[in-house]
Structure formats: C-alpha cells, structure tokens
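1. need coordinates for the below:
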Amino acid sequence: RAGGGTMGLYLSQPDKTKECSTGEREDGLAYGAAALQGWRTGMEDATLVDLAYGGSGTAVFAVFDGHGGPEVSAYCAAHLHKHVVPLSEFREGHLGDALSKAFVALDAELLTEEARSEMRQYAKDHPPSKPHIGDKMQRMR
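-> Numbers count the residues shown, from 1 in each chain. Coordinates of the predicted model:
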C-alpha cells in the first residue's frame, strides 16, 4: 500500500532511519555501528559492543538477528558474556572455540523457565509497534 502502510509483518516501504553509535578505546581501537530496521514493522535485532569484554583486552562486536523475536535477540546480547568469559578457550585466546561452546550453552539456556520469564517480561516492556504482529512469546508459554 502507498503511504507507508503495512503488509503483514512487512512495511510497504522500508524504514531507512539509522541508529548510529561510535566509540574508541584508549589504545586507538575505534568502531562505528549502524542499525536499520528495513522492511520489518519493528526492529528485531540486538547489538553487542564491548571494547573490554569480560575485563580483557578483547573487543566484541555482535549482531543478534531477531528471527526469534526482539526478546530473544536482546536476551542473547545481554547474556552471552556469562557463557564466554569463564571459558579457558576465551582466556587462552581461542575465541572461535569459546564462541562455539558459548552459543551452544546459550541456546540451551533459552529453553529454561528463567530465560523464558525474562523474555516474556522484555516482550511486555517493549510491545510491538503494530498490533497485528503475532506475539512470538505465545510459542514459549
């Protein structure tokens, strides 16, 4: 439809508004990030930027795609660190191995009642911008 209406879970025109952020560490490591909603009726992705991840010299930049809903991507961005930082692979610089293990653990955590409760609360606190969007949390109840 013309005039910026919606078609199901998609807009008839993409939302090209960009949310941008920048930062720099004392050693000169700098970043720039931008988020764009696009065709979806609401932003579903979450980002993670940490220039001293877990108190280390490692910087982490991540985008969590919101296919499971914005509450899932926000949960992952907020909780990934507790699965990465304690790992010996992380401390020893084997970051790929650390992330692989952490993602498996985080995936399992998403199925716990504690995680589901937190995601339900996030969904309540951040209602969809359009009333026709299905509540993805229904599948989790």
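2. secondary structure element for Ile17?
-> Quick fix: residue 17 is Thr, not Ile. Secondary structure from DSSP states H and E places Thr17 in strand 10-24.
3. and that strand, which strands flank it?
-> In the sheet, strand 10-24 lines up against strand 6-7 (antiparallel), strand 30-40 (antiparallel) (DSSP bridges).
4. in TSV: those strands, plus mean neighbour count, distance to Gly23 and mean pLDDT.
-> Bear in mind the C-beta positions are built from the backbone N, C-alpha and C, glycine included. Shown next, in TSV, are the strands paired with strand 10-24 (neighbours: other Cβ atoms under 10 Å; distance: least, Cβ to Cβ, whole Å; pLDDT from 0 to 100):
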stretch	mean neighbour count	distance to Gly23	mean pLDDT
strand 6-7	14	34	52
strand 30-40	13	6	87
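5. so which of the ones you listed is nearest Pro86?
-> With Cβ to Cβ, the closest approach to Pro86 among those belongs to strand 30-40: 25.1 Å.
6. what lies in contact with the closest one?
-> Strand 30-40 is touched from outside by 9-11, 14-24, 43, 45, 47, 49, 51, 59, 61, with contacts defined as Cβ atoms under 8 Å, 6 or more residues apart in numbering.
7. let's see 10 Å
-> Residues from elsewhere that reach strand 30-40 (Cβ atoms under 10 Å, 6 or more residues apart in numbering): 6-7, 9-25, 43-47, 49, 51, 59, 61, 63, 66, 70, 129-130, 133.
8. residue ranges with poor pLDDT in this protein?
-> Applying pLDDT under 70 to the chain picks out residues 1-8, 128-141.
9. partners of the residue most central in space within it in the sheet?
-> Centroid check for the chain by Cα atoms, centre = their mean gives Ala46 as the closest residue, at 2.7 Å. Note on Ala46: beta-bridge partners by DSSP bridges are Phe64.
10. any idea which element Ala105 lies in?
-> In this assignment (DSSP H and E), Ala105 forms part of helix 95-109.
11. what about whichever helix or strand comes after that helix, distance to the chain center?
-> Next helix or strand after helix 95-109 toward the C-terminus (DSSP H and E): helix 113-125. Using Cα atoms, centre = their mean, to the nearest Å, the mean C-alpha position of helix 113-125 is found 14 Å from that of the whole chain.
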